[in-house]
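In: Here is the input, now give the coordinates:
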Amino acid sequence: MFGFLSYILMWLLYFVLARGLFMLFHLSQTIQLDLQTIAGSFFYGLILDISFAAYLSVLPFLFYIVSFYIFKTWINKGIKIYTTFFVIILSALMIVDMGLYEAWGIRLDSTPINYLNTPKEMLASINYTQLVWAILFYLAVVWIILKLFNRLGYQMMKPVLKPQLGELSLYLFLWVALILPIRGGFQTIPVNQSNVYFSNHMYANHAAINFAWNFTHSFIDRTYDTSNPFNDMEMQLANEKWQSYIADLRAPLSNEEKGEWLNLTKPNVLLIIWEGLTAKAVRPLGGLATVTENLNRYAAEGLLFTNFYANGDRTDKGLISLLSGYYPQTQKSIIKVPNKSKSLPMLPLEMNALGYDTKFYYGGNTNFGNMNTYLKSAGISEVIGGNQFQRKNWNSKWGAHDHILFNRVLKDMGEYRFSKPFFNIVLTLTSHEPYEFPGPQKFGMDTKENKYLSSLAYTDQALADFLDEARKQPWWENTLVIITADHGNPLPKHPDPYNSPAKYHIPMIWTGGAVKNPGRIVENIGSQIDLSYSLLDLLGGQTSEFVWSQNILHEADRHYAQYIYNNGFGILDKKNAVLFDYNINSSISKQGRRADELEELGKAITQTAYQDYLDRGKITME
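Out: Presented below is the predicted three-dimensional model:
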């Protein structure tokens, strides 16, 4: 019987050590906690540690009971093989979890599985030195843990003589009783992440989460759970709540109002999506003064939208928000599910219907994240990807440098016959980890933040060279250039909670010869999902399928922006803001007198948007 307990305790020790390694790896955040809070992360985390240790013990305990009658001499060897397998797998997940947390701000879940079909791009965020050290550290952890387990655990479960009926009943009872630690006790609701959230310091709560439990729970939900986890109210009520709120915010522009924005009714449109650009690096938006000095100039010369927000924190989420006016999901990605994504409304398709020629430019692998399938479904006539750029012009990871990408765009546009207007989309990549680029390193490369800022400065110059040359071209006077970002960014670090609006605040600038009365500031609050609807309305296109969008070109105090993160959402308008976390089923922060109303709106949007995701692509039997 002692062997039963010793095996669970062995895994429990493993998870406690893993938490210690996690907090040492993120020492810069750990030292901001007091000793009591650090101890709390270990104490409150025990409930998930015990739960997963019990999960891992189910099969070994069953093997142990079976060995009373058969395979007596194989019991230790069988359990040793089983344990070694899981030490190897879980230690790999532990290393991935430690590495991803700094970039994503969440503990490991099933999200990386979305990118396993493109492993080269998945590893592109780390350099080779980091990869080598990670592998060496992983091998060392596995070796040490296996040595420790061999000394402490395996010998405890030695084969025993055939037990009496009473003893066998006790062993079977203990095996069945494992359900209690697995589900966290006798309570109605099984244990979950909210059980370990104990502090106002979100990092301390995240440290308390058991990485293996979190990954497994997320994977099971991702694979098998087709129910809506955000059912806070009746679905009809949720639909009525957000639809009634947004109704007057979708009003189309009159012809007179359209004339206030553009000099012509059907300009060329060039949409530039800047990888990872944040408002925190743009001076006119309250950001750092000297990072994007050229963009600052174009902001002053064009239309600057000062309250524009990303709807998510990944490029795949940004693309569907910008091009389909569709809310991304917390732990799922509709772009990875072609039978769902093909049913989305598509800005390029509507631009085709208006008579535009459509192209998409990206210096990297368009198969990453299933991007190419989505772009083809969107009706884009030509996709120019990384395979069309010489390898000597690539950085070591993602693809062609941004200045090479812009040179290609400029060349193609110079050769364009202009039998019809163009709609070109350009997605940059250099300001993505590992931030490799040619030329000066304006802020140095000594820290991750400085690498990021230096990469922004590089792309800023590449973009300026492109735009300055474009202004000399005959097509410039008839072109609307829209510059925005693909997602929010935790860098540069902000003092507010990790997923506060500051992380998701991004620039949007309209420039080009088609812009009427440039030099204006537009203070309307909006987000990426509003762009397609607003642009199509301005150009006279079909907008009916973009049901989630507001018209950002209309002035209204009730305009809002909502974004999602791992298992929560943020929503804000000009005077109110809410940050809500479903792990604890409560708001993390609220600001403003109407914050409660905004929270209910955010819940309604999250619930109905997720249900829309579930319903898309369903096969119905007639």
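In: Give me the helices and strands touching the helix ranked longest in the chain, please.
Out: When the chain is scanned for its longest helix (criterion: DSSP state H), the result is helix 35-66. If you count contacts as 3 or more Cβ pairs under 8 Å, 6 or more residues apart in numbering; DSSP states H and E, helix 35-66 packs onto helix 2-25, helix 75-104, helix 165-176, helix 179-183, helix 202-208, helix 211-224. Quick note: C-beta positions are derived from backbone N, CA and C, even for glycine.
In: Let me know the average pLDDT across the fourth one.
Out: I take that to be helix 179-183. Helix 179-183 shows an average pLDDT of 89 in the prediction.
In: So for that helix, what gets flagged as buried?
Out: Residues of helix 179-183 classed as buried: 181, 182, 183 (neighbour count, 16 or more other Cβ atoms under 10 Å).
In: The first one and residue 58 touch, don't they?
Out: So that's residue 181. No. Counting by Cβ atoms under 8 Å, residue 181 sits too far from residue 58 to count as a contact (10.6 Å).
In: Wait, residue 14 touches residue 145, no?
Out: Yes. Using Cβ under 8 Å, residue 14 is in contact with residue 145, at 6.3 Å.
In: between these two, what contacts are shared?
Out: Common neighbours of residue 14 and residue 145 (criterion: Cβ atoms under 8 Å, 6 or more residues apart in numbering): residue 87.
In: who has more neighbours, those two?
Out: Higher neighbour count among residue 14 and residue 145: residue 14, with 26 against 22, using other Cβ atoms under 10 Å.
In: got a list of what the closest residue to residue 238 other than its chain neighbours touches?
Out: Leaving aside its chain neighbours, residue 238 sits nearest to residue 604 (4.2 Å; criterion: Cβ to Cβ, 6 or more residues apart in numbering). By Cβ under 8 Å, 6+ apart, residue 604 lies in contact with 232, 233, 237, 238, 239, 241, 242.
In: Quick check on those: which are buried?
Out: 232, 233, 238, 239, 241, 242.
In: distance of the fifth one from residue 550?
Out: Same thing as residue 241. 15 Å (Cβ to Cβ, to the nearest Å).
In: With residue 230 instead?
Out: From residue 230 to residue 550 the distance is 21 Å (Cβ to Cβ).
In: can you check residue 595 too?
Out: 19 Å.
In: between those two, who's got more neighbours?
Out: residue 550 (27 against 19).
In: which parts of stretch 76-87 are buried?
Out: By neighbour count with 16+ other Cβ under 10 Å, stretch 76-87 contains the buried residues 76, 78, 79, 80, 83, 87.
In: As CSV, those residues with distance to residue 258 and pLDDT would be great.
Out: Below are the buried residues of stretch 76-87 laid out as CSV (distance: Cβ to Cβ, whole Å; pLDDT from 0 to 100):
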residue, distance to residue 258, pLDDT
76, 78, 72
78, 74, 81
79, 72, 82
80, 73, 85
83, 68, 89
87, 64, 93
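In: Nearest to residue 251 among the residues you listed?
Out: residue 87 (60.3 Å; Cβ to Cβ).
In: Okay, now the unreliable bits of the stretch 101-250 of the chain?
Out: 114-128, 152-164, 166-167, 187-189, 194, 221-225 (pLDDT under 70).
In: same thing but at 90, please
Out: Where the stretch 101-250 of the chain drops to pLDDT under 90, the residues are 101-135, 137, 145-178, 182-203, 205-206, 214-227, 229.
In: State the helix or strand in which residue 423 lies.
Out: strand 422-427 (DSSP states H and E).
In: tell me the strands in this protein, going along the chain?
Out: 268-274, 303-309, 357-362, 382-384, 422-427, 479-485, 505-511, 520-527, 561-565, 568-572, 577-581, 586-591 (DSSP state E).
In: Switch these over to CSV; also include distance to residue 447, mean neighbour count and mean pLDDT.
Out: Formatted as CSV, the strands of the chain follow (distance: least, Cβ to Cβ, whole Å; neighbours: other Cβ atoms under 10 Å; pLDDT from 0 to 100):
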stretch, distance to residue 447, mean neighbour count, mean pLDDT
strand 268-274, 21, 24, 98
strand 303-309, 26, 24, 98
strand 357-362, 28, 23, 96
strand 382-384, 34, 16, 92
strand 422-427, 26, 24, 97
strand 479-485, 22, 24, 98
strand 505-511, 22, 25, 98
strand 520-527, 30, 19, 96
strand 561-565, 24, 25, 96
strand 568-572, 27, 25, 97
strand 577-581, 27, 24, 96
strand 586-591, 28, 16, 94
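In: quick one, which of these is nearest to residue 615?
Out: The nearest among the strands of the chain, by Cβ to Cβ, is strand 561-565 at 18.1 Å.
In: list the helices and strands the closest one packs on?
Out: Packing contacts for strand 561-565, counted by 3+ Cβ pairs under 8 Å, 6+ apart, involve strand 303-309, helix 501-504, strand 520-527, strand 568-572, helix 595-615.
In: CA atoms of the fourth one as PDB?
Out: Right, the one you point to is strand 568-572. Extracted in PDB, the C-alpha atoms of strand 568-572 (Å, rounded to 0.1, in the frame of the first residue of the first chain):
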ATOM      1  CA  GLY A 568     -10.900  36.000 -21.200                       C
ATOM      2  CA  PHE A 569     -11.800  39.200 -22.900                       C
ATOM      3  CA  GLY A 570     -11.300  43.000 -22.600                       C
ATOM      4  CA  ILE A 571     -13.800  45.500 -23.700                       C
ATOM      5  CA  LEU A 572     -13.700  49.300 -23.600                       C
END
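In: okay, the angle between that strand and strand 520-527?
Out: Note on geometry: by axes from the mean of the first three to the mean of the last three Cα atoms, to 10 degrees, strand 568-572 and strand 520-527 are set 150 degrees apart in direction.
In: and stretch 130-144, which residues are buried?
Out: Neighbour count says stretch 130-144 has 134, 137, 138, 141, 142 buried, by 16+ other Cβ under 10 Å.
In: Quickly note the distance from the first one to residue 141.
Out: Relative to residue 141, residue 134 is positioned 10 Å away (criterion: Cβ to Cβ).
In: what's the overlap in contacts for these two?
Out: With contacts defined as Cβ under 8 Å, 6+ apart, the residues shared by residue 134 and residue 141 are residue 95.
In: tally of neighbours for the nearest residue to residue 78 once chain neighbours are set aside?
Out: With sequence-adjacent residues excluded and distances taken as Cβ to Cβ, 6+ apart, residue 78 is closest to residue 63, at 5.6 Å. A count of neighbours around residue 63, defined by other Cβ under 10 Å, yields 17.
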